Structure formats: C-alpha cells, structure tokens
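A.B. asks: The following block contains a protein sequence and its predicted model.
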Amino acid sequence: MKQIIVLLLAGCLGLLAFTKKTSIVISGKITDAQTGNPISGASIGIKGKPKGTSTDNLGNYSLNIDNAKTVLLISAVGYTSKMVVPGTLTTLNISLEPAVNNLAEVVVVSYGTAKKRNITSHSAPVYSGQISGIQLSAPAPIDQYSNSFYASPSPGIPPVANDYNREGYDPITENDFLKAADNPLSTFSIDVDAASYSNMRRFLNNGQLPPAGAVRIEEMINYFKYEYPQPKDSTPFSVNTEIADCPWNKDHRLALVGLQGRIIPVENLPAANVVFLIDVSGSMGSADKLPLVKQSLKLLVDQLREIDKVSLCVYAGNAGLVLAATPGSDKQRIKTAIDELESGGSTAGGEGIQLAYSTARTNFIKGGNNRVVLCTDGDFNVGVSSDDALERMIEEERKSGVFLTVLGFGTGNYQDAKMQKLADKGNGNHAYIDQLAEAKKVLVNEFGGTMFTIARDVKLQVEFNPAVVQGYRLVGYENRMLAKEDFHDDKKDAGELGSGHTVTALYEIIPVGVKTNWLKKVDALKYQPSAGFSRSVLRNETMTVKLRYKQPESETSRLVEFPVADPVKALANASANFRFASAVAAFGMLLRNSAFKQEASFTTVLRLAKTALQYDKEGYRKEFVALVEQAFTLAKKDKQFNKGQPWPGEEGEDDDAGDLPR
C-alpha cells in the first residue's frame, strides 16, 4: 500500500513539474500628467523582483507579470513614482506627476562630513567634507535663489520664471547661396555632434518652440543613422553621394554627401582610459542634472571591459579626485563612487578640467582610447570660466592625446554655446542628455562612436562644376566652415569621426539655366583668365568631393577624392536616406523660420518622413514624426514665430494625402 501511495505522490509531483506556468502580458504608455507627452526611458519594475522593463521613445512598454495582484513600480527621472496593481487590466496607461525639485545645498558625503547652516542672502553653506584631501568649498556668498532654474532680479527677491533666458546659445548666420563660377570651392569640417536635436526635443516636449540659436540643422540630420555601406578598403569611412529634386523648391536640386565610419566591434576596441569629470556644484541639484548624470554614467560603466580603467573627478568650489584609476571589471566599486555624489557649492569648471586631464595623462594608455567625459550644465562661475580662457586651456590639453566627450544636462541655465566650444577644441563630441533613453543611445547603442575615434581632423572640400551648377548653398554647418586654404593645412583643427558614426551633408543646388533671385550680381572681371574647360567633357559631373583626414595617432593628413556624376533622381525615386535627411533639414529650417525655407512646410516634412521610416529599430524616426506634429501645433499658435501668416502649403492639406512629386 505504501508503495502505491508513493507512486501516486511521485506522479502528482511529476505532473505539477511539467505544468506550464501562465503569465500575463501588460502593455501601455507612460505620459506626463501635465502635458500628456510620452515619457521615454521610464522604468516599470515588479516589486520585490529584479525583473522589469523601460519605455521606448514614444513612451510605450510591454511586460510579462505572474498574476493580476503583481505590484508594478513606475518611475522616471524628474517625476514622482507610482505603485500600481493591474488587476484584470492588460492595457495600463499611466501618467506621472513632475517632481518638485530639491535644490538643497549638499556635497559628497561618503568621504567626509557635510555641515551646513541655513542659507540667507548674506550667508553661504559651509562644508567640512573632503575628497582625497581637497575640500569642496563654496568660497563666495550664495543667494538663496542662486540654485534655482529661475532668475532672481536681485538678492533676497523671489525669482520669476525666466523662459530659459539664462541658457546660452550663439547666434547662427545661415549659409547663403554662392555662384559656382566665382566660388567653386566649399570647405567645412565634419560634425558628428547631435546635441541640438535632443535639446530641441526637450523644448518641444515642454510645450515651447526652441530659440533659433538652438537649432543646428547639421546636428539634427546627424542625430539619425543612415544605411550607408561599410568601407571596402583601408580608408576608415565610405563616401556616398546622391542627387535628387529639392523638396522645398521644384526648380532646384539637392545633393547629399554621406560618410559611414567603419564599425569596430566593442570587443576589438583598444583599451580605454576614461576619466569621468562630474559637476557637483549647487546648480546640478535638480532631477534632470546630477541624478540623471549618475544614472547615465552607470549605463556607460556596464559597457566597460577588464582592460579598461576609470577614474572619477568632481568639481564644485574646488576640484577633487574621488576614485583613482579602477579596472572596468570592478563595476560595483565604480558605481558606488558615482552613487555617493551629491551637489553643493559654486562651479570651478576650469580647475576640474585641469585635474581631469592630469589624471588622464597619469594613466595614459599608449595606442589606447584616452578620454575625459565631462558632465555638466556648463554654468562655470569660479576660476577659469570665460569661453576664451577655457578654449585656450582645452587646446593646450588636447596635445597630450587625450580626447574630450562633453555631456550636457539640465534646463534653465544650460550653456550650450560653451559646451559646443569645449567639445570642438578638445577633439571631441557633444551630446545633450534630456532623458535616460538618450543616455542609452549615446553611451550604449553608440558606445564605439562616442568613445573611440577612428579618424581625426576630417575636412570636406567640394568643387562645383560651373557648367552644371549655377549656384549652391550648404545647409547647416555654419560654425564648421573653413577657408579653402585650411583644407591643406594640417595644423587646422577639424572634426573627429567615431567608430560606426555617420555624417550627412546636404547642398541645395541651382542648376544652370534656372532663373533665380538668390544669386547676387557681380560685375564681370576684366583681368581673370577663363576656366578653359570643355562643357562637353564635364557636363555629366556635378561636383568633385575631396576629403582629408588623419589616423588617430598621426599628424599628417591623407587625401581621398571622388568625382560625382550621379543622375538627378525624382524625389519619389530617391533613397530613404535622402528623403529622411531632407525632411529633417526642412524641419530645421521651419523651426528657425529660415529665410531659405522657400516652399517648405510641415506637411511636406511629414509626408517625406513617413515614406522613410525604414532602418528605425529604436523608434527614433517615428518619434521625429511625433515631434514635427507637435511643433506644427505650437507654431500655428505662435504669431511671433510665423508672423501671423500661414505656412506655405499648409492650409487645406492633409499630411497623409497625395504622393511625393515625381
């Protein structure tokens, strides 16, 4: 009898072991409770378990849970967290309330004891905490409102909303049309930065149109990946060209020049010597600054290998070394040092930069990737802080072979112009991190491109054929223009190309024979010889593209050259690369209310973009469509923006109607 019972129990246990455990799939969208905008990078976790997921760029998520009583934890940087029990619901849309900023003055606490007294307009916080023997003090009195995102008219007076008037942007004078006969050469440095796009997104998601100085069209175009082929020879990049009808002027042409950097697998990248330089001053106290910095850098730490090493420097009133060079395999130690950072004090950015470069030189890896990663809002106010002084310092430091990555954070006092200049002078790149999803894009998805340079001082020079091209205009790259003589000057600094990076440039071309008011008249020259070329021989060549670049450790440039005789395509027959890049360019001109937008319209942008949503694994192109629709709504309400006039081609049009012109 006992044997029968044992067999029955064993059979029951066997059946239970093979019974499939069912799960429930919960999906939905996380949005801002005040604006209704999607929140990307929001975290959806399960209470008591490590399992979870995060939202995509459109705020969407999907998660498997065990049962209807599972407690979900929903959180996002800058928002108040929620706990939700789905019950019988399988579609769960959740809105989060923006968190109230906590701007108290604090300092790194794990390496000393922080003390402070109540802040008044006549007293400053006092700290006794030290980092590696260096006290982070606030040497100057701090007004009680100095850490706010709002401008205080005078000490002791409550602040008022400043509408971003403390953010710093350089004005942009757009490139004009030039006559090919008089100015056949166009020379510029590449730009792989994409900070302008994520910054623009931040403005739109906050219900504001960006200021014109914040819209750099080349950075908006280069935010996206394009499907260019990998290089086939020893050159570290491929060069790709295409010419088609111009979307905003049917009589003009648009020429695309695209570079594709060689993709080097992460495991094959050389050893990295990375120095994190983190701004822990009082202005970094809000949720979208230091807390987001910490989350972002921990994503980067997860990408490091045993052969890599990381150091951690911080600066407030002074600069200090928090973590000496540590192997990338010791991730917990690095993350703990990052987690223990808190904000407080003024901003001695210049001193911090000097310490970071000194640390990088001390741990320099010959043939490796030596880089300082600066995380800040750029609001330097102590010591070396002027743009000119900082630029000279960076130019001197870059001679050591240490590259610079600048990651910008925050709102209200974000110094975009300063960040641009630092990255340009430091042989580096610049990104603006507005959300954790952007940090993942820059530091995880594009790790190789952000952190490893495959070509230095990359310059382009395009020579236009006056037999075919009457006039031309480079769209964007205004702060990257070079004199024609700079192309051969190896001492002239230019942009860097990272592993896997793509760079795209667009020229608007006025063909010979087209009547135009864009080209200004100049009297005929009396003494200059004629060009002496045969129209019959060169009539099929529109232009010649030349590039110069240096290997990462070389000081001598190499030259590559490509004649362009591509046939002109109808816009509908152009590649998805071409259509999407031109849609982004048109959108940038609309945001700038550019004098060169001509017949560009939000309708045209949407129509073009929706035909080119290929190669969109991460959803960035779909997000672009949503941002265009959002900008269109804001622009129609902003009489100052559009001067009360309807946008060309907007009235009575359906953005889904019709086909592209052929």
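C.D. replies: Received the coordinates, thanks.
A.B. asks: drop to CA atoms for contacts and neighbour counts, all remaining ones
C.D. replies: Will do.
A.B. asks: Identify the residues contacting Asn363.
C.D. replies: Asn273, Ala325 (C-alpha atoms under 8 Å, 6 or more residues apart in numbering).
A.B. asks: at 7 Å what do you get?
C.D. replies: Applying C-alpha atoms under 7 Å, 6 or more residues apart in numbering, we find Asn363 in contact with Asn273.
A.B. asks: and what of Met393?
C.D. replies: Contacts of Met393 (C-alpha under 7 Å, 6+ apart): none.
A.B. asks: host element of it?
C.D. replies: Using DSSP states H and E, Met393 sits in helix 387-397.
A.B. asks: Tell me the buried residues in that helix?
C.D. replies: Buried positions in helix 387-397, judged by neighbour count with 16 or more other C-alpha atoms under 10 Å: Leu390, Glu391, Met393, Ile394, Glu395, Glu397.
A.B. asks: if we take these, which one ends up nearest to Asn429?
C.D. replies: Ile394 (13.2 Å; C-alpha to C-alpha).
A.B. asks: what about the closest residue in space to the closest one that isn't next to it in sequence, how many residues close to it?
C.D. replies: Counting by C-alpha to C-alpha, 6 or more residues apart in numbering, Gly426 is the residue found nearest to Ile394 once chain neighbours are left out, at 5.5 Å. For Gly426, the tally of surrounding residues (other C-alpha atoms under 10 Å) stands at 28.
A.B. asks: same check, this time on Ser554
C.D. replies: Neighbour tally, Ser554, other C-alpha under 10 Å: 11.
A.B. asks: Which pLDDT value belongs to it?
C.D. replies: Looking at Ser554, its pLDDT reads 92.
A.B. asks: now it: how far from Pro98?
C.D. replies: Using C-alpha to C-alpha, to the nearest Å, we find Ser554 at a distance of 49 Å from Pro98.
A.B. asks: try Leu63
C.D. replies: Leu63 is 24 Å from Pro98, by C-alpha to C-alpha.
A.B. asks: how about whichever helix or strand Arg371 is part of as PDB, C-alpha atoms only?
C.D. replies: Take DSSP H and E as the rule and Arg371 turns out to sit in strand 369-376. C-alpha atoms of strand 369-376 as PDB (Å, rounded to 0.1, in the frame of the first residue of the first chain):
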ATOM      1  CA  ASN A 369      41.400  55.400 -26.000                       C
ATOM      2  CA  ASN A 370      42.300  58.100 -23.600                       C
ATOM      3  CA  ARG A 371      39.300  60.300 -22.900                       C
ATOM      4  CA  VAL A 372      37.800  62.800 -20.400                       C
ATOM      5  CA  VAL A 373      34.000  62.600 -20.100                       C
ATOM      6  CA  LEU A 374      32.700  65.900 -18.800                       C
ATOM      7  CA  CYS A 375      29.100  66.000 -17.400                       C
ATOM      8  CA  THR A 376      27.800  69.500 -16.600                       C
END
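A.B. asks: Please look at Asp191 and Ala494 and confirm they touch.
C.D. replies: No. With contact defined as C-alpha atoms under 7 Å, Asp191 does not reach Ala494; the gap is 8.6 Å.
A.B. asks: rewinding a little: pLDDT averaged over the helix holding Met393, what's the number?
C.D. replies: On average, helix 387-397 scores 81.
A.B. asks: try stretch 362-371
C.D. replies: Here the average pLDDT along stretch 362-371 is 94.
A.B. asks: Then stretch 327-336?
C.D. replies: Stretch 327-336 comes out at a mean pLDDT of 96.
A.B. asks: what residues does that stretch touch?
C.D. replies: Lys298, Val301, Leu304, Arg305, Glu306, Ile307, Asp308, Lys309, Val310.
A.B. asks: export the residues you listed to TSV and tack on pLDDT, secondary structure and neighbour count?
C.D. replies: Written out in TSV, the entries for those read as follows (pLDDT from 0 to 100; DSSP: H, G, I helix; E, B strand; the rest coil; neighbours: other C-alpha atoms under 10 Å):
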residue	pLDDT	secondary structure	neighbour count
Lys298	94	helix	20
Val301	95	helix	20
Leu304	93	coil	22
Arg305	94	coil	17
Glu306	95	coil	13
Ile307	96	coil	12
Asp308	96	coil	20
Lys309	96	strand	24
Val310	96	strand	25
